[in-house]
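Trainee: Fold the following, please.
(chains A, B and C, ligands or ions: 3)
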Amino acid sequence: MANGSSMDKPLTGDLRSDGAVLDLAAYEKAGGYEALRRVIKEMTPADVLKEITDSRLRGRGGAGFPTGQKWSFVPMGENAPTPKYLVANADEMEPGTFKDRMLLEGNPHLLIEGMILAAYTIQATDGYIFLRWAYKLAAERIVRALAEARDKGYLGKNILGSDYSFELDLHTSAGRYMCGEETGLLNALEGKRANPRAKPPFPQVSGLWGKPTIVQNVETLCNIAPILRNGAQWYLGLSRSEDGGTKLYGVSGKVKRPGAWELPLGTTIREILERRARGMQDGHQFRGVLPGGASTDFLVEEHLDTKMDYGSVQAAGSRLGTGLMVVLDDKTSVVGMVLNLERFFAQESCGWCTPCRDGLPWTARILQGLLEGRGRPGDLERLEMQTRMMGPGNTFCALAPGAMEPLQSALKYFREDFEKLIPSVLSHEISC
Amino acid sequence: MLTEQERERIRAEATHYDYPQAACVEALKIVQEGHRWVSDEHLKEVAGLLDMSPEALDSVATFYNLIFRKPVGENVILLCDSVSCWILGYENICAHLKTRLGVELGETTADGKFTLLPMACLGTCDRGPAMMVGSDLHRNLDNEKVDEILGRYRQTPEA
Amino acid sequence: MATIYVDDRPYEVDPGKNLLEECLSKGLDLPYFCWHPALGSVGACRQCAVKQYRDENDRRGRIVMACMTPAMDGARFSIRDKDAAQFRAGIIELLMSNHPHDCPVCDEGGECHLQDMTVMTGHNYRGYRFGKRTFTNQQLGPFINHEMNRCITCYRCVRYYRDYAGGKDLDAFASHNHVYFGRHEDGALENEFSGNLVEICPTGVFTDKTLKEHYTRKWDLQTAPSVCAHCSLGCNTIAGERYGQLRRVLNRYNAEVNGYFLCDRGRFGYDFVNGDKRLRQPLLGEGGEARPASATEALERGSSLLGRESRVIGIGSPRASLESNFALRTLVGARNFFSGMAAGEDHLVARMLRVLRGGRVRTPSLREVESADAVFILGEDVTQTAPLLALAVRQAVKQAPRKEAMGLRIPRWDDAALREVMQQDKGPLYIATTGETRLDEVAAASCRGAPDDVARLGFAVARALDETAPEVDGLSGGERELAEAIAGALRAAERPVVVSGSGSGSEAVIDAAAQVARALGRERPADLCFAAAESNSFGLGLLNAMNTSEAFQRVADGHVDTVVVLENDLYRRAPRAAVDALLASVRVVALDHSTSGTTAGAALALPAGAFAEAEGTVVSNEGRAQRFYQVYVPQGETRPAWRWLHDLARAAGRAELSTLGSPDALLAALARAVPVFAPLPGGLPAASFRVNGEKVPRQSPRASGRTAIQADVSVHEPKPPGDPDSPLAFTMEGYPQQPPSALITRFWAPGWNSVQSLNKFQSEVGGALTGGDPGVRLLEPGSDGDGAYTADIPAAFERRDGEVLVVPLYHIFGSDELSAAAPAVAQRSPGPYAALNPGDARRLGVQDGEYVEIELDGAAYQLPARLMASMTAGVLGVPMGVGSVRGLDVPAWSPCRRV
Ligand SMILES: Cc1cc2nc3c(=O)[nH]c(=O)nc-3n(C[C@H](O)[C@H](O)[C@H](O)COP(=O)(O)O)c2cc1C
Ligand code: SF4
Ligand code: FES
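Mentor: Ligands and ions are numbered 1, 2, ... in the order given. Just a heads-up that it's a prediction; the model follows:
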């Protein structure tokens, strides 16, 4: 069994501090593929599913759906459609998010083993790692790791002599935030435009090429092998919240030591900001934080003692999201930052549904107008109306509602920053 | 015209899937490896190899950020313009790059050495500002570092 | 059935449908864009938002898209809810943020779905103050105009063009608010059904380029229900006129026939009516010269040509109405009336009718073909000869995989989800033809052979289906296997359809198709769909007349003084030399809308009304008799042919016809004379028909300039022409509401100016028109023909040295006489060619493009060779009706050499 650090840091405990990759030998030495050997011999898919469900693992890609429950929707048994697919979502394009890169570059076997185990659970025969194009180093390392795993009989036909077979390939994207949305990802994998698909039917029933498919975030999948190695109870014990495990947290922005760390799920924002990121850079004051990537609501000073877990962040009015924070300081323009975000979302809109396609560019233009001194009375109301138009359920997928989260919360917490940019009615009328 | 080797690679990619279309992004990337961008002629050739219409392939090609349907320079600079890098000084770096290269975003230098493009988050937000030149990632950028990096790519002859 | 509540009112609905279609079916207005009844839902535009409530206590509810929400029992919705209404107005505002404000110069203006929906949502003040994105447009060929700035990105065009019609060269490009719909580069849209984009597109992006040439607003067009004149399917159309010019043709929905769509030949072929070859005045032929004359002069000449003592025969026409043909038959007497079809064609039509009237088979409507789950096409290139039948077959191949996909509990309307599960799976479609066809790409298997071999495969399939059917000798192992496979697929299907027609020119092929259908139809009649050549081929066939060769024989025998030729260019029916001889030996009275070789050689040529200028009835390939109505009163001396004939009869003192001065009178007489037409007079609204005592107006209440329209001629407002022949009026006065389905002159309803107003005319969305779809089916499975198997199976084709078997090929643009005279269609027509197998070409020593010479009926034809691997060795295909290639009696053997 592995050393102490990997017992409380199952994802990163074994990562090498020099940035080099854990090769197969090093991974095996740290207990790698033990879980697979055991599972393949001793456990049925139903056993594995129960363990994962008991571990209370929830998705780490942003939406936080319980993983065991998601797998339970896959049709099983003789009459289930074939083939079934498992896809790792390694598209990581959410601004402010850089956690999956760490895992992919540092320990690709952890993902691969997790995928084999997940695939076994749903009896998938084919899998893909859908990797974003920019992660060149990760791609190299994954390709090598896949070859190592195949050579060792962990992957491919009759895994470890069992009658279970699983093929796993790397697919690299050509760049689009929408590739990270799970149904957009499936379309991208099929060689189509990464437009999202309507749900239902859910991918678990009709996914890749219309066959049952599970899409799971890299970090989520990296938890599978440790859970099966050490048990659901151990996993629950790692957490400081009702959901199981650790979480990769990170901080970017004007803090002293930006970075990412694996900590118990439910560590507070303050602890992460102050103990890990060492507080704000000199001469900068904290004003707010996007707790889980670009598509989460701002939290402010009063929320600093919020636990970074699914329920607590939601109760505070935001979302855990990816768990990687972007910090807003007092020298940075709030409106400028929101404009930057909305431009990103407008640019990355796939163009499928109206509110997102046409609403985001308009939103960005209003913000730009404010910054350029061309604001007008009514602009803030218009922005608020956009946040309603693009609210959850109103758009086809979650991109636009995500885009509205930083905007609506900025309008709430930093309203004066916006109002300052609107000339008074009188001067505006005269200048016309 | 694609080389026979490129055609062979594309055909091989297509065999990985039940539907050849699934290999189309991969195929376009193979074209770009050899030719930097995808011309109309190449597009039609690839479409033929994958049993797609040029329209169907172009529909996919024009959707993705990193399939270039217009000529690009020897080195494509992808400068991260997303939120963390923006907070950390993207605008300065961008202005500096534009002056040094004498181009606007989206343009290619007169000598064809560089194309400067904005890019969404590169996933290295703790070490921004960041950019990629070709497939190399450069982080914690400042103006001096940018000059030094540009200098390096200026010197290397085309591979 | 299920009950749902909309704004607290209960409605009985079909839970298999979505809320949007059910709302529209119940007459509730709800705006939408990306949904289309023929395309299903994808939920992209977000325009059809409504509130859904959990139960009667839920006051907050949540916004859902009606098109993506099943109409489930007990579900509660609100259209009126304030949030939903605001959201819908907000969506329009977003769509308008990039849409130009150019309605006054936009061709769609006044019949624009976006305009209608904008008004419906109440959005009227623009909040967007920034620049709009702009695009460049593409040249998409002679049919479709492209104006991309008007796009609202509803994706309907690509979904229709690619997913529904099988087109390849239109797609969506780029992303975010730059999505662009067009081709990869400029060029004519290749799909044969591209014109439907005009009606599919909810704005002015894709508009009718031929209309643009002589543009008129919808409300200024005088319109009448019409029936397409360009093939045998009888698609329903609405034809519109202004200032004496036919301006455009739109689809007229008929659930059983063409549904929502037309082919490009039917939509754009109308312009021959405005062509410079139109005959506008009578011509008196004298010594090879022709002199224009007045109607009085013409009737005088006519009376001398048709005088009691002269021996007169009449040659009818499969492109003229029953009324005109029957008028001619009455004028000359049944024993002197000829069908106007060449001998070969006439035999084929007779054969098809005998089969269809013979029991064990029935002729399906196009709608029924669409819902077939297995199709076997024998010898007919339907895309080129009966285009909309090909579109129906393209839908049919989706039936089997769709059924399977629906097993995952995906509703039928959930288009994207179904297509994802279906992927590229196709239901069984088998094709056997002489040349390659556009449908091959969706076929499970297609094979090529000479007509006799095509027929033999059919007979083999029949045998595989039923052991009591005669055996086919000398089949190869491969042929036997294919026959077994086809038989298996047909047997396994719930609704198999066999498709064939006269296109191959082979009676054996028709017999073979009949044999297959009979073998399938042992328990209940099997669907057998025959394509014929022209709009009234079946009508003429049912008149049971002699053929054109027999007419020529009668003349050659010296028993004829005068031949009356009705809307027929004999040069397309017989070899040139034979027609030349006929014109030289007798006096000809020719009635036609345009000049032709026949009118040029006639002693008297009379200007007949084209389809839009006359009223009449035609019988489609389904055996459906349908009436087209006069759209406008033509200029000059042009009259409907039946009226000329009536007037001639009077002038010549031929009493038989002189009492039959109207279409109703002619049809009544026809029904008495030929029993198969008996249902007609009762089945079609008579001229005396009134709604609430009123006529149905051809002009919209908004027609502008009525008092000024002829101010250049006279400042007095002219009395509008009356119409004694139909229940329609040439004015805007009349019954202001919806007329019965056969008399729909335009699709319009309050608040619905675009063609989408159709939902107000249907009993339910996508269903029959209110009161039933128009048309009278004349062919039902009966016993007045023969339903027995034939043992007359041809021997296998054997190629001959030094000779080729010349077979007919067809082109949607070019083979049809009338549409080929429309400039836009002419642009898309190929030149003449000779299609041959590369092996044959090698033997002849010709390369692609070099000329070969063939000889048929004593005439030599020099044609550029087109090498096609799909052509069977020993067989040579020529495109019918194209250039000099007309009047051929093929298939026939011909010598063939290099020029
Ligand atoms: C616009 C958009 C982008 C997304 N990008 C990613 C991504 O890059 N990586 C990821 O794992 N999930 C992403 N997601 C979430 C996925 O849709 C999906 O919920 C996730 O991959 C499921 O995996 P999990 O349950 O393991 O979190 C994105 C969602 C949206 C709406
Ligand atoms: S997406 Fe749209 S029209 Fe389209 S109909 Fe629905 S939501 Fe409705
Ligand atoms: S914001 Fe630049 S790397 Fe993430």
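Trainee: Now the nearest residue to B:Gly102 once chain neighbours are set aside: phi and psi?
Mentor: Nearest non-adjacent residue to B:Gly102, counting by C-beta to C-beta, 6 or more residues apart in numbering or on different chains: B:Thr109, 6.5 Å away. C-beta coordinates here come from the backbone N, C-alpha and C atoms, glycine included. B:Thr109 adopts backbone torsions of phi -60, psi 160, taken as degrees, to the nearest 10.
Trainee: With C:Ser714 instead?
Mentor: According to degrees, to the nearest 10, C:Ser714 has phi -150, psi 140.
Trainee: Please determine how far it is located from chain A.
Mentor: Distance, C:Ser714 to chain A, using C-beta to the nearest C-beta, to the nearest Å: 52 Å.
Trainee: Show the contacting residues for B:Val83.
Mentor: A:95-96, A:290, A:294, A:326, A:337, A:340-341, A:344, B:121, B:125 (C-beta atoms under 8 Å, 6 or more residues apart in numbering or on different chains).
Trainee: of those, closest to C:Tyr155?
Mentor: A:Phe344 (24.0 Å; C-beta to C-beta).
Trainee: Run through who's touching stretch A:369-384.
Mentor: A:333, A:335-336, A:339, A:363, A:366-367, A:407-408, A:411, A:415, A:418-419, A:421-423, A:425, A:428, C:127, C:129-130.
Trainee: Nearest spatial neighbour of the residue located most distally from the centre of chain B, chain-adjacent residues omitted?
Mentor: When each C-alpha in chain B is compared with the mean C-alpha position (C-alpha atoms, centre = their mean), B:Asp18 comes out farthest, at 28.2 Å. Computed as C-beta to C-beta, 6+ apart, the closest residue to B:Asp18 that is not its neighbour in sequence is A:Trp209, at 6.8 Å.
Trainee: Verify the stated contact: that neighbour with A:Glu190.
Mentor: Yes. Using C-beta atoms under 8 Å, A:Trp209 is in contact with A:Glu190, at 6.4 Å.
Trainee: what's the overlap in contacts for these two?
Mentor: B:Tyr19.
Trainee: A:Gly153: what secondary structure?
Mentor: Using DSSP: H, G, I helix; E, B strand; the rest coil, the structure places A:Gly153 in coil.
Trainee: Could you count how many residues lie near it?
Mentor: Look at A:Gly153: counted by other C-beta atoms under 10 Å in any protein chain shown, it has 14 neighbours.
Trainee: Backbone dihedrals for the residue nearest to the spatial centre of chain A, please?
Mentor: Central residue of chain A (C-alpha atoms, centre = their mean): A:Gly61, 2.5 Å from the mean position. Torsion angles at A:Gly61 (phi, psi; degrees, to the nearest 10) stand at phi -90, psi -10.
Trainee: right, and it touches A:Leu324 too?
Mentor: No. Using C-beta under 8 Å, A:Gly61 is not in contact with A:Leu324; the gap is 11.9 Å.
Trainee: who touches residue 238 in this structure?
Mentor: With no chain named, the answer covers chain A. A:8, A:10, A:244-246, A:264-265.
Trainee: think we crossed wires, I meant chain C
Mentor: So C:Ile238 contacts C:223-226, C:249-252, C:744-747 (C-beta under 8 Å, 6+ apart).
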